[in-house]
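**Student:** Show me how the following folds:
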Amino acid sequence: MHTEEKICKDVAEEEFDRWADAMDLDFDESVMDEDEKKGFQRQKRRIVRELQAGSLIVNDSGEAVFTPRNPASGYKEPITFHERTGATLMSVDRHKKGQDAAKSYAMMADMCGVSQKVFSGLVGNDVKVCEALFALLMD
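**Tutor:** As a prediction, this is how the structure comes out:
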């Protein structure tokens, strides 16, 4: 889904860095192996692209706030990705072994203060952006 840029790539990169600092995330590529580096760069590109499009912002608290933009997504309200807590990890305890997607969405729901159904209703790039933010926050 391509849209006009609301902010330039340099500003989006600065916002990404501000988010990473606020969330105390360590993205030092010099200590990553090649697979880690490729995965990180893929997630970062997706996030920077959404920052450029304006569907993702970093609020005053340094949290990522994503507003789904795919018309087919079942949710249109902004979703704030807060820092993970111990409760975020505990939210998977009610799921059985092998239910990895349900566990991930349970943690995302806890982190964002929304229902798991929010994420299961997102389609295309909307769900990919949420998964990218989640993956980086959980690292």
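
**Student:** So what's the residue count around Glu63?
**Tutor:** 19 (other Cβ atoms under 10 Å). Yep, even glycine has a C-beta here, placed from its N, CA and C like the rest.

**Student:** now for the longest helix seen in the chain, which elements pack on it?
**Tutor:** In the chain, with assignment by DSSP state H, the single longest helix is helix 34-53. Under the contact criterion of 3 or more Cβ pairs under 8 Å, 6 or more residues apart in numbering; DSSP states H and E, helix 34-53 touches helix 9-22, strand 56-58, helix 124-138.

**Student:** Next, format the ones you listed as JSON lines and append mean pLDDT.
**Tutor:** What follows is the helices and strands packed on helix 34-53, written out as JSON lines (pLDDT from 0 to 100):
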{"stretch": "helix 9-22", "mean pLDDT": "97"}
{"stretch": "strand 56-58", "mean pLDDT": "98"}
{"stretch": "helix 124-138", "mean pLDDT": "94"}
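
**Student:** related to what we said a few turns ago, buried residues, the longest helix of the chain. List them.
**Tutor:** Neighbour-count burial for helix 34-53, counted by 16 or more other Cβ atoms under 10 Å, picks out 40, 43-44, 46-53.

**Student:** For Glu77, which of the helices and strands packed on helix 34-53 is the nearest?
**Tutor:** Shortest distance between Glu77 and those, using Cβ to Cβ, is found for helix 124-138: 12.0 Å.

**Student:** Give me the contacts around the closest one.
**Tutor:** Helix 124-138 has contacts (Cβ atoms under 8 Å, 6 or more residues apart in numbering) with 1, 20, 23, 25, 27, 39-40, 42-44, 46-47, 50, 55-56, 64, 66, 68-70, 72-73, 79, 81, 83-84, 104, 107-108, 111, 119, 122.
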